[in-house]
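**Q** coords below, sequence missing:
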C-alpha cells in the first residue's frame, strides 16, 4: 500500500491577506519570512474584486518577484505560497497557488501538508472524467470542490474536505473572499493576524512581525474561516477533532521567532536543550550547536549544564544556489563548504555538539569529523529530539523508513559510525515535557508519529474506495 | 454574440517527431525554423515510451531551452509549439504543449488555430464538473477527449473533434504514438516528412529542410493520422470536407522557403507582385519592398514592370526584446528604429513601395514618411493582397472590424491619410490567380474570409447548444 | 617582422555626440545602427561638463545597456564604441572607450582601425616607465598624448598622431569637447552630421538616419576636428595625405544604407554585381545572393544579365548567441542552421550564386552543397570582388596569408573544392570601376592592398625605432 | 588637507596560492570564506608560468565566477580579491586584482588597505607622464614599482613600498612567483598557510580551514615575502616597524573562526563581552546580541553576568541583492526587513542588547524600537567597544568625523536619542584587556586611532612633496 503515499512529500509555507490596499507587497514580505519553509518555488495570486491574477516561478521569493511584477499584481486580497520539493524545472506546474478560471468565477488554492488518500481520490475523479495537469494534491482538492456543486462555495469546500484525509493548512482565494481551513488534527500550523482592519493568515507568526500585524488567533482543527469585507466568519467542517500538531515544527522546522500553539519556538527549543542536559549530562568544556536550527537547544543545554556555550561551528552565509561544488580531488584535500569548525574554540577541548535531529546521520558524521580535525579532544553528540524511526505522511520529507538510520541501527552503532565519543537522544517524554505545550493548552496534543509510529489519521485507506457515491457532491 | 469569439486570437507553430533517438533536439531545430510563427512562448514534450516529460517557458526558443534542459528531455517521440500572443507573464499557463497526467496514461497536445465554439463547449464542460487552468482552446479539446471515454484513444479523439468547430492543426503525443489532425477545412497547414525511418510533422515545410527531412505529404482536411512504431496510419474523422486554406499564409505569414499545398511561398508572393504590376502599373524609377515579408512581391513587381528593384528600406537586425524605446522627445527629433529608408537609393526618385497587406495603416503611413524624408519624389504604395475588411476567427490576430482601416475608409481616404501619391490593392481574383493554387491542386480552395466575409465555417453557433447529449461521449 | 603586427586585428564602430541634452541615448541608437561593425562589446562615455562617466561591457549594445544605466549617463557630450574581436571574457579590459582620469582632467578615446607600429611604440613607452592594462592600440595613443605634454590638448594629440602609423578613425572626449581625427590615408571612414545645433560623428552615415541627423561632411584624411560649444573647428595634423579608403567597406563591411565618400553602399554593390555580369556572364535560370551582404550585388547581376533574381537562400533570423549547435551526428543527418536553400526556387534550375568575397572558402562550399541538395542543376559562383591574397593590417580580420584560400590555390582548384560548376571573381579594375568612387571624388583613391599587396602605409617599420627622441613630447 | 584622504575608504580581502595544480579553484573557495570582507566585486588572476589570465566582475564571488570561467583560469599560482565599496557599476575598473601587461612580463596586484599619501604620489606620477584608468591606490603602487626600474622585481617593489604611507596587505603575482608584503605597522592582517607543498596567503585564517590548509605564520610588519618554486623567501623592506593591528578587526570585521595575531576572534569578542559585563553591569532578565557580529560578545556578557543568553533578535537570511524594499507607506505600517525581535523572548522582560559598535547610531535606534515594540520592558544597550570619535584612514569606511555620532554627542544624548533605558560603552583599557593580544604577543600593539585619535602613521603629509627625487627610482 506504499503507493497510496506520494513519494514526493513536501513542506511548504502559506500566507494570505484580505482587505489591504497593497496585498501583493504584504504577501511578498510574508512569504519572505516563510522562506525557510520552502526555497524551490513561490507564487502569489491577488484578487482585485473582479478577477484573480497570478505570478509564480521556481526559486526564492526574491528570484521569482521583482518590483515590476509585484506592482502589476494590484488587488486587496491575496494568497501566496513557498514550496519545498525535489529539484526539476518541469515541476513548475506544481508551483502554487493553483488558479482555476471558469467562465463565471475563479478559484485559487495554496496548501501546506499532504493528503494521504490523494491517490484513491484521483483515481475516482479520473474515472469520472477529470483531467490533471499537476501531480499536486491541491489539484485534487480543487476538483472535489468543483464537483461538490453546492450553490454556496463554503458548502462545496466543506463537502470536499470531508472526503480528504491527512494534513492540510489551506488558503483559498476567490474574487470576494479569503477562506482558510485546517485539517481535523491541526497537523500543520496556520494563524490569523490583523494589520489595522486588514486580515492576514500565515503558516507561522514570524510573518506577522515582519508585516506589522498583530496576532489574533490560531486556526483551530476542523475550522473553515471565511474572511471578507464583512469581517471574519468562523465555521466548522469537522466536529470530532483531535489536535495533534507536528512535533518537528517545534524541534526543527519553524523559525525561532514564531509562536505555535502559544509557545515560542526558541523557548521551546531551549527547554528541549535543558531537558536534554538533565537526561544526558556529560563532563565537557564547551557546548556548541549546529547552526542555525540547533542554536537554541545548545544555549539551553549550556545553561542547564553550566558548561560555556561557544560558537564552535560557523556557517558560511554566502553558499548560494550557484555555488561551485569542490571536485572530489579538492574535497579529499580538505576543501570544505557551508560549515567550519572554529579551531580557536574547540582545540584541546571536550565538546558537546547539539543537533536537533538525525535523519540519515551523514551530516552529523561530517560535523564530528570537522570538530576532531579542528582539535577537539572529545565530541559528545546530543540530539534534542528522540530517534526518528518512522516516515512522515503529513508533508515533511523524512523519506522512507529504509533511509532513517535510527530505524536500522542501535544508538551505539550510530555513535560508532559517526565517530562520536558519546551519543544521546532526548526521550519522547522529555520532548513532550520540553515543548511544554500540553501544560498551557490543555486540549492540545502533539503528533509524535515519526518517533512512535502512532499516526493520528488513517494512512492506509482500504483498497475499495467508499467515495464513489460521495464524489458527485450534491 | 461577440463573446463567442475569443478576444485573444493567436497564430502558432507546431512540430513533432516520432522514432528518432534525439527527438528533443530535432524538435528544437524545427521550432527554431517556425519561430516567425510565434515569439512569445515555446515548449517541448517528449515521450521516452514510459512517460512524458515537458519543458516550456515564455520567450524565444533560444531563451526557453539551453543545452542542459534539452539533454534532459530524452525520448524518441516529441511535440513542440511556438506561440504568439499578447504579452503578460501570467500567460505562462497558456504556453503549449499542454500535458495531462492521469494515474495510468499521459496526454499532451499542441495546437495551431482557433476553436470558434470554444466558449459554448467550455460552458457545457464546466456544468459537468470540469475545471480549467488555462484560457486556451486546447484545454477544451483535452477535456472533450478525456470525456469521450472510448477504450481506444483514436476513437475518443475523433469523437472530440466532431464537436469542435474552427481551425486546428493538432499534434497529440502519448507514450506510444504521435497523432496529428487537421480541421475539415484545412485552414491551418500541417505537413509530414521523414528523416530516415523517423517521421516529422510541421506547420511549415521550411522546418524539414532545417532538420534534414524529406517532404512526404500534407495532412488533408479531416484526417487523423497516427504515427507509431508500426509506421503511419491514415484515418479520417470528417468526410464532408471543403479545403479552404488560409490565404494570409501565402500573403504574409509563412516563410518564403516553405511550400504549402504544393506551392512555394516565395514564388507565390512573387506572382502576387507580378499580378499587382499588371493590375496597378505606375510610372516610377525604383521598386522597393517592406522587409522582410514583402521582398518577394517587390521582386515580382519589378520584374513585371521592368522598373529596377532596389533596397530602399533596411531593417535593423539587432532590435531585440530588450531594446530601449526612444522617448517621445527623441522620436520627435527623428530617432528611428527598426526601419531606415536608404537615401542613396530613393533620393530624387519616384518610388513604388510594395507591402503585403494593410491592417490599421499606421505602419504604411510611417514608411511613406520615411521615404519622403529620405528624398523620394513620389511614393506609390502597392499592396499585394486585397483590402482586409473582416476579422479572422481562425487564429490570425487581425483584431476587430473596427480596427481594420479598410472596413471604415475608402482607398482614396487611406491614401490621403498615409501621404502616398497613389495606392492600389491587388484584387481578390488577382490574389487567387497569383497564388495559383487552384490550378495545381484542383480540389483545393482558399479561405478569403478576411477580404470577402465568406467564412468557410459557422462562426456564430446558436445560443442553445446541441452538445449536451454528445459531451458525455460513449 | 610579423610580430610588429597584432595578431588580433579588429573592425569596430565609433559614434559621438556634442551639444545634445540626451547624448547617451543618441549614442545608444547610433551604436545600435553600427552594431554590424562589432558584436563583442560596447561602451559609452559621457561628459556632463564637469566629469566623464562610463559604462561598457561584453555583448550587443542591447545586452550592455538598459534604461537604468543609460539614464545614469547624463551629459551633453558622448562617445561610444562597438567592438568586434575574438571571444574571451577577459577581453573586457579591451572594451572601448578607454577612460583615463588624472587629478585635474579626464580623457576618453574610442578608436576604429589598427596601428601598425603599436608594438614598437609600446616597447619604447614601457622603457620610459609606462604600464599597460589592455592589449589595445588605443592605450598606446593615450600614453603618447599624455607624454606629449603640450599645454594645449590639441597640440598634444597632433604630436601623438605624428608618431603613429596605420589606420584610425579616432574619437576623443574630454570634459569640454569632442575631438575626432582620421589617419592620413583615410583608411577607416568617419563622418560628421548635425541634429539641430548638436553635432554627431559616426563610422557610417546610416547612424545619422537613425538618430535624425543630417549629413554635414566626411572627416578628411589628416584632419583633427574639435567640436565644442563654440562649434566645429577644423585643423590638420598631416599635410601630405593620400586618400585610400578601404575597399572592403564597399564590398562587404558597411551597411547598404550608408554613404561613404559620397557613394551609397547598396548602389556601389549593385554596380559591382552589374560589372561582374559583364565580366563573367553565364547561362542560367535564377540569380540568388548570399544574405545579407551579397543581396545588392545579386540584384545588380540579375538586372545586367536579365536572369530573374530570386530568394534562393534564406537566413534564419533567430540564430542568436545562445543557439544550441547541432551535434556532429545531427549535422550528418542534415540538420542545418542559419542558411536554408529554397527548394521551391532552385529545384531543377541553373543557379547563379553571388557572394561578396571568399576568405577561407568554407562557407561558399557549404552553400553550394545546400543548393545542390535542394535540387539545383548547376551552381555558378560569382564573387563581387577580386581574390583576397594578402592580409589586412588596418583592422579587418582577414587573418594570415596562410588562411587565405586564394593565396594558395588557383581559381580552378577552388571551384573544384567547392563543388561549383563555375567560379569567377570580379577583376581589380572592375572593382574600381564598380565602386565608381574615383569618378565622383577625383582625389579619392581606394586601398586595394588585400587584392594587390600594395599597402598605402609602411607596414614593417625598421627595427631601430626613430621614435626615441620624439616620445618625450615637448 | 582632507583631499589627501580618499573619500572612498574600503575594506577588502586578499587571497593567494602558489604551487597548486588547481590554483583558481582554491582561490575561489578562499575568497568565498573572505566574502564578509567585501561583497561588491571579486576577481582572480592566475599564472600558468607563461602568462597571467584574469577574470573579475561586480558582485559576490558566486555571481562573478561560474564553473566554466574558473576552469578556463588554469594555472598553479593565483591571487584573488573581494572588494567592498560604494555601489556603481562604473566601478568595475576599480575591481581587483589589477593586471598590467608589458611586452615582456606581466604584473598583477591585489591590495587590502588604504594609502594615505596616494593623492600626492599620483600628482607626482602624472606630472611625469603616467596615466590612470582607475581611482584605486593599487594603480599608484603599480606605477611606482614600474618606475623603480631595478633589474630585480623585489628591489623595485621595496623601492616602491618605501614611498607609500598607510595600510596595506599586498599580494603580487608575476609569472613565476607570488610576493606578499605588509605595511610597517601591520595594520591589515595577512597570514601564510600550506596545503601539502603549496602555499596559500589570506587576509584571514578562516580561509585556511575552508581550503584544507595549515597555518604557518602571519606576515610580519615590513616583510616582503617571495614564494616561488624554490619555496618561501622572507625579506624585509622596513626595519623600524611598530606593530599596531586594527582593533576593529577584532571587534567587528573578521570572522569569528579566524585567528589574528594568535588570538581567536570569537574568544576575543567573548572576552570583550565579559569585560563589558564587569564594567557596565545591569539588572536584567535576558541578554541578546545583534546578529551576526555581536553574538560572541553577548554570550560573554551573559556568562559573566549570569543573565540568560537568548535569541532575542533574528536576522532574515534571505534578504538578498534583489530584495524589494518596502515603500514608505508600508514601512510606516510596520513592515520590517532583515531583523525581527522575538516577542516570545523579550515580551515583559528587561533586555540587555549587545552591539559591537556604533557609527551613526541609526541601526541601534531601530533595534531598540523593535525590542520595545515586541514588548521589552527595558532595553539596556551595551557596546563592546569604545565610542568611535575619529575617522579611519586605513581602509575601514567609518566615514567622516561629522557622521560619527559619538564625536558630536554625549553618551547620555545618544542614549536618549535611541530610546534606550541605559547605554554603556567598553573602555579603551577594557578593549585592550579584552582582546588580550598584548599578553600573548609582547611586541604586538593595536591601532586604536578611531577611539583615541592616535594614528600610528602620518596621515597629513606636507603640501610640498619630497617625493620628486625619489619617484624616478634607480
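**A** Here it is on my side, so go on. None of the values given here were measured: they were computed from a predicted structure.
**Q** what is the burial count for residue A:283?
**A** 10 (other Cβ atoms under 10 Å in any protein chain shown). Every residue, glycine included, has its C-beta placed from N, CA and C.
**Q** so who does it touch?
**A** If a contact means Cβ atoms under 8 Å, 6 or more residues apart in numbering or on different chains, then residue A:283 has residue A:350 as its contacts.
**Q** same check on the one 4 residues further on?
**A** Contacts for residue A:287 (Cβ under 8 Å, 6+ apart) come out as A:298, A:301-302, A:305, A:307-310, A:351-352, A:354.
**Q** what are the bridge partners for it, then?
**A** residue A:309, residue A:352 (DSSP bridges).
**Q** and the contacts of residue A:287 as CSV, adding pLDDT?
**A** Below are those laid out as CSV (pLDDT from 0 to 100):
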residue, pLDDT
A:298, 98
A:301, 98
A:302, 97
A:305, 97
A:307, 97
A:308, 96
A:309, 96
A:310, 95
A:351, 98
A:352, 98
A:354, 98
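**Q** now these as CSV including neighbour count?
**A** Output for the contacts of residue A:287, formatted as CSV (neighbours: other Cβ atoms under 10 Å in any protein chain shown):
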residue, neighbour count
A:298, 30
A:301, 31
A:302, 29
A:305, 22
A:307, 20
A:308, 18
A:309, 25
A:310, 28
A:351, 30
A:352, 30
A:354, 28
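**Q** would you mind listing what in chain A touches chain B?
**A** By Cβ under 8 Å from any Cβ of the partner chain, the residues of chain A that approach chain B are A:53-55, A:69, A:89-90, A:92-93, A:98-103, A:107, A:119, A:122-123, A:126, A:128-133, A:135, A:142-143, A:146-147, A:149.
**Q** if I look at the nearest residue in space to residue A:425 that is not next to it in sequence, how far off is chain D?
**A** Distances taken as Cβ to Cβ, 6 or more residues apart in numbering or on different chains place residue A:383 nearest to residue A:425, at 4.6 Å, with adjacent residues excluded. According to Cβ to the nearest Cβ, to the nearest Å, residue A:383 stands 20 Å off from chain D.
**Q** show me the contacts for residue A:383.
**A** Residues near residue A:383 by Cβ under 8 Å, 6+ apart: A:276, A:354-358, A:423-426.
**Q** tell me how far it lies from residue B:377.
**A** Applying Cβ to Cβ, to the nearest Å, the value for residue A:383 to residue B:377 is 90 Å.
**Q** on that earlier part again, closest one to chain C out of the contacts of residue A:287, please.
**A** Nearest to chain C among the contacts of residue A:287, counting by Cβ to the nearest Cβ, is residue A:310 at 43.8 Å.
**Q** my guess is the closest one meets residue A:289, correct?
**A** No: using Cβ atoms under 8 Å, residue A:310 makes no contact with residue A:289, being 9.6 Å away.
**Q** would you confirm that residue A:376 contacts residue A:349?
**A** Yes: between residue A:376 and residue A:349 there is a contact under Cβ under 8 Å: 6.0 Å.
**Q** ok, stretch A:192-199 near chain D or not?
**A** Yes: using Cβ under 8 Å from any Cβ, stretch A:192-199 reaches chain D at A:195-196.
**Q** centre of the chain to that stretch, how far?
**A** Centre-to-centre, stretch A:192-199 and its host chain are 23 Å apart (Cα atoms, centre = their mean, to the nearest Å).
**Q** same check, this time on stretch A:140-154
**A** Stretch A:140-154 sits 26 Å away from the centroid of its parent chain (Cα atoms, centre = their mean).
**Q** which residues sit against it?
**A** Outside stretch A:140-154, the residues touching it (Cβ under 8 Å, 6+ apart) are A:98, A:100, A:107, A:109, A:111, A:115, A:118, A:121-122, A:125, A:128, A:130, A:155-157, A:159-161, A:163-164, A:168, A:170, A:174, A:177, A:179, A:224, A:226, A:235, A:471-474, B:129-131.
**Q** may I see the buried residues of that stretch?
**A** Residues of stretch A:140-154 classed as buried by neighbour count (16 or more other Cβ atoms under 10 Å in any protein chain shown): A:140-148, A:153-154.
**Q** looking at these, which are in helices?
**A** Among these, DSSP state H puts A:140-148, A:153-154 in helices.
**Q** same list (those residues) but as TSV, adding distance to residue C:220.
**A** Putting those into TSV (distance: Cβ to Cβ, whole Å) gives the following:
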residue	distance to residue C:220
A:140	79
A:141	78
A:142	75
A:143	78
A:144	82
A:145	80
A:146	78
A:147	83
A:148	85
A:153	80
A:154	84
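**Q** can you count the residues close to the residue nearest to residue A:260 when sequence neighbours are not counted?
**A** Of all residues not flanking residue A:260 in the chain, residue A:189 sits nearest, at 5.3 Å (Cβ to Cβ, 6+ apart). By other Cβ under 10 Å, the residues close to residue A:189 number 25.
**Q** residues touching residue A:435, list them.
**A** A:247, A:250, A:263, A:268, A:271-272, A:446.
**Q** redo that, cut-off 6 Å
**A** Going by Cβ atoms under 6 Å, 6 or more residues apart in numbering or on different chains, residue A:435 touches A:250, A:268.
**Q** residue A:75 too?
**A** Per Cβ under 6 Å, 6+ apart, neighbours of residue A:75: A:23, A:46-48.
**Q** just how off-centre is stretch A:214-234 within its chain?
**A** 21 Å.
**Q** check the separation of the first and last residues in that stretch.
**A** Distance between the two ends of stretch A:214-234: 19 Å, counting by Cα to Cα, to the nearest Å.
**Q** one more: stretch A:305-318?
**A** Stretch A:305-318: ends 33 Å apart by Cα to Cα.
**Q** next: stretch A:247-267.
**A** Per Cα to Cα, stretch A:247-267 runs 14 Å from first to last residue.
**Q** please identify the buried residues of it?
**A** Buried residues in stretch A:247-267 (16+ other Cβ under 10 Å): A:247-261, A:263-267.
**Q** in helices, which of those residues fall?
**A** Short answer: the buried residues of stretch A:247-267 in helices (DSSP H) are A:247-248, A:265-267.
**Q** nearest to residue B:396 among these?
**A** Nearest to residue B:396 among those: residue A:248, at 56.2 Å, using Cβ to Cβ.
**Q** low-confidence ranges in chain A?
**A** Applying pLDDT under 70 to chain A flags residues A:1-10, A:85-91, A:319-322, A:397-401, A:437-444, A:460-474.
**Q** what sits against residue A:29?
**A** Neighbours of residue A:29 in contact, by Cβ under 6 Å, 6+ apart: A:210-211, D:335.
**Q** go again using 7 Å as the cut-off
**A** Contacts for residue A:29 (Cβ atoms under 7 Å, 6 or more residues apart in numbering or on different chains) come out as A:210-211, D:326, D:335.
**Q** quickly find the element holding it.
**A** helix A:23-33 (DSSP states H and E).
**Q** please state the offset of that helix from the chain centre?
**A** The chain centre lies 18 Å from the centre of helix A:23-33; the measure is Cα atoms, centre = their mean.
**Q** can you check stretch A:152-170 too?
**A** 20 Å.
**Q** pull out the buried positions in that stretch.
**A** Buried, per 16+ other Cβ under 10 Å, within stretch A:152-170: A:153-161, A:163-170.
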